[in-house]
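Asker: Show me the folded form of this:
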Amino acid sequence: AARAASAACVAVLLILCAGGSTALHAETKAGGKAKGRAGAKASESEVERIRALPYVDFVEGDTGETKTGVTISVAGRFQEGYTLVTHRGLCRTDLIDAAGSVVHTWVRTPCHHWDRAELLPGGDLLVMAMDPLEGSTPENFDAHSELMKLSWDGRLIEQMHGPIHHSFQALPDGRILTLTVHARRVPAIDPNVDIRDESVAILDTGWKIEEELSLYDVLAAGGSGFHLQMAGRSLLKRIGAIDLIHSNNVEMMPFEALAGKDAVHSSSSVLVTLRHQDALVVIDLKTRKLVWAWGQDDLLGPHDGTWLANGNILVFDNGTVRHWSRVVEVDPSADRIVWQYKAPTPTDLFTRTNGGAQRLPDGNTLITETNKGRGFEVTPGGEVVWKYVDPRTDASGRRSSLMKLLRLDTGYVQKAMAAGEKGAAAGKAPQQAP
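Answerer: Numbering: from 1, shown residues only. The predicted model follows:
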């Protein structure tokens, strides 16, 4: 939402904390490579066991929270605006103000969970929804995914079921950037079992798949120091295929001024973050070749990377078998970490799956700790200046896990709200009220 994506810029970013303390830890690296895997002593079988664990829809265990809603708010220190909050297990998205009051809600059931939501300029909401993977086979991946457009007043405007997953982005020309997956037999991986071959994909304005680029083909060709890890076999029983790559986010580079800076930032480059490959990679869409890779010595199960205006990349490093998470800003021109956030007691920040980070206009960073159902905003020095603990529960009292919190500009929201309310007043009753 509220991403300024230029139509002239066709670079794509495909990617795939913390308790109550206000004394969090942020570091700036002047040089060298911070080894994110340091201390992550685990056998390959343990790594695979952790990879096979499912994503969680509701908070598990005691997170130590005694209050919910906005629990920290330091006046004059946090980035003003509204926050888009997606409650994964409740299939619900709330637009809240800085105090945590709900301004608007979208919800649509039945469903299994919502992966991502984006507020469009006209007041509509794009949502990626998923059904359970249990019982799936390589032939029916697409039976578990849907992309929806909901109006401001909750009407279902458009819907697509297909082999899409995790993420999407609305492009300026009306098309949709997303991720797709197909069953594919690759003898080099296993002559008897399919892999989930994932692709960067573009949907046309009618939401039909217009173009796909196989990530396996690009990665298997190698280059830029990337080595394909034999990962994801542990998911064979649950999903019926080897989950080799597991990409989880897609985003077009929104900064036209960066186009042409170098091979990494060319107008035809695609940046991909791969959970099961523990890596970020850049692919040139024109040559269909790998031009940059980083992270296999530093990241563990990363999620939700985004381009920054300075040309760097922000990514949530889950630290799966390390059992603590962090947010990392990496300079791709130098292959080095230039800033990171982690808790002073590292294990105080940890989400095994999902998680997110958004760099805000004032230089602060909004961080989502998905599995603990909370998010918070830190200054460049690591001070917590705003914190939100999800108050939403299901009928049994379980708090929902949180998908990436998105801070939206006040002006953007006001325009979207006005457009949405105008459309709702035009006349059609909602198919399903929030």
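Asker: CA only for contacts and neighbour counts going forward, please
Answerer: Noted.
Asker: Skip the chain neighbours and tell me the closest residue to R108.
Answerer: Counting by C-alpha to C-alpha, 6 or more residues apart in numbering, C91 is the residue found nearest to R108 once chain neighbours are left out, at 6.3 Å.
Asker: thinking the one you found is in contact with H112, fair?
Answerer: Yes. When contacts are counted by C-alpha atoms under 8 Å, C91 is listed as touching H112 (7.3 Å).
Asker: can you list residues touching both of the two?
Answerer: In terms of C-alpha atoms under 8 Å, 6 or more residues apart in numbering, C91 and H112 are both contacted by the residues A129.
Asker: which one of these two has more residues nearby?
Answerer: Taking C91 and H112 together and counting by other C-alpha atoms under 10 Å, C91 has the greater number of neighbours (24 against 17).
Asker: separation between the more buried one and G222?
Answerer: C91 sits at a distance of 39 Å from G222 (criterion: C-alpha to C-alpha, to the nearest Å).
Asker: same question, L280
Answerer: The spacing between L280 and G222, counted by C-alpha to C-alpha, is 13 Å.
Asker: Look at those two and report which has more neighbours.
Answerer: The neighbour count for L280 versus G222, taken as other C-alpha under 10 Å, is higher for L280 (28 against 15).
Asker: host element of the closest residue to E329 other than its chain neighbours?
Answerer: Taking C-alpha to C-alpha, 6+ apart, and ignoring the residues beside it in sequence, E329 has L314 as its nearest neighbour in space, at 4.5 Å. Counting by DSSP states H and E, the secondary-structure element that holds L314 is strand 313-317.
Asker: strands paired with that strand, and their directions?
Answerer: strand 303-307 (antiparallel), strand 326-331 (antiparallel) (DSSP bridges).
Asker: deepest of the ones you listed, which one?
Answerer: Of the strands paired with strand 313-317, the one with the most neighbours on average (mean count of other C-alpha atoms under 10 Å) is strand 303-307, at a mean of 28.
Asker: which residues are in contact with that strand?
Answerer: Contacts with strand 303-307, where a contact means C-alpha under 8 Å, 6+ apart, come from 13-16, 248-249, 251, 253-254, 273-275, 313-318, 353-358.
Asker: For the protein, which residues score under the pLDDT cut-off?
Answerer: When residues are selected by pLDDT under 70, those of the chain lie in 1-39, 131-143, 427-434.
Asker: Nearest to the spatial middle of it, which residue is it?
Answerer: Compute the mean C-alpha point of the chain, and by C-alpha atoms, centre = their mean the closest residue is D304, 3.5 Å away.
Asker: need the strands for the stretch 251-400 of the chain, in chain order.
Answerer: The residue ranges that make up the strands of the stretch 251-400 of the chain, judged by DSSP state E, counting those that start in this stretch, are 269-274, 279-284, 289-294, 303-307, 313-317, 326-331, 336-342, 356-359, 365-369, 374-378, 384-389.
Asker: ok, the residue nearest to E158 when sequence neighbours are not counted - contacts?
Answerer: In space, not counting the residues next to it along the chain, E158 is nearest to K149; the distance is 5.1 Å by C-alpha to C-alpha, 6+ apart. K149 makes contacts with 124-127, 156-159, as judged by C-alpha under 8 Å, 6+ apart.
Asker: how would you label K149: helix, strand or coil?
Answerer: When classified by DSSP: H, G, I helix; E, B strand; the rest coil, K149 comes out as strand.
Asker: if we can go back for a sec, my guess is the residue nearest to E329 contacts L360. True?
Answerer: No. Using C-alpha under 8 Å, L314 is not in contact with L360; the gap is 11.4 Å.
Asker: what about these two, which has more around it?
Answerer: L314 (25 against 20).
Asker: Would you check that D335 makes contact with W292?
Answerer: No. Shown here, D335 and W292 do not form a contact pair, counting by C-alpha under 8 Å, at 9.5 Å.
Asker: now the helix or strand that contains S167 against strand 303-307, angle please.
Answerer: With the criterion set as DSSP H and E, the secondary-structure element containing S167 is strand 164-170. Computed by axes from the mean of the first three to the mean of the last three C-alpha atoms, to 10 degrees, the angle separating strand 164-170 from strand 303-307 equals 20 degrees.
Asker: neighbouring contacts of strand 164-170?
Answerer: Contacts with strand 164-170, where a contact means C-alpha under 8 Å, 6+ apart, come from 115-116, 118, 128, 130, 142, 145-147, 176-181, 248-252.
Asker: Show me what the next helix or strand along the chain from that strand is packed against.
Answerer: Once strand 164-170 ends, the next helix or strand along the chain (criterion: DSSP H and E) is strand 176-185. Here strand 176-185 touches strand 164-170, strand 194-203, strand 249-252, going by 3 or more C-alpha pairs under 8 Å, 6 or more residues apart in numbering; DSSP states H and E.
Asker: and these, which is most packed in?
Answerer: For these, average neighbour numbers computed from mean count of other C-alpha under 10 Å are highest in strand 249-252, which has a mean of 26.
Asker: Output that strand as PDB, restricted to C-alpha atoms.
Answerer: Only the C-alpha atoms of strand 249-252 are listed here, as PDB (Å, rounded to 0.1, in the frame of the first residue of the first chain):
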ATOM      1  CA  ASN A 249       7.500 -11.900  -1.000                       C
ATOM      2  CA  VAL A 250       7.400  -9.900  -4.300                       C
ATOM      3  CA  GLU A 251       7.900  -6.200  -4.800                       C
ATOM      4  CA  MET A 252       8.700  -3.900  -7.700                       C
END
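Asker: Okay, now the sheet partners of that strand, with direction.
Answerer: With DSSP bridges as the test, strand 249-252 is paired with strand 12-15 (antiparallel).
Asker: Tell me the helices and strands packed up against the helix or strand hosting A129.
Answerer: For A129, the host element (DSSP H and E) is strand 125-130. Packed against strand 125-130, as judged by 3+ C-alpha pairs under 8 Å, 6+ apart, are the following elements: strand 113-119, strand 145-150, strand 164-170.
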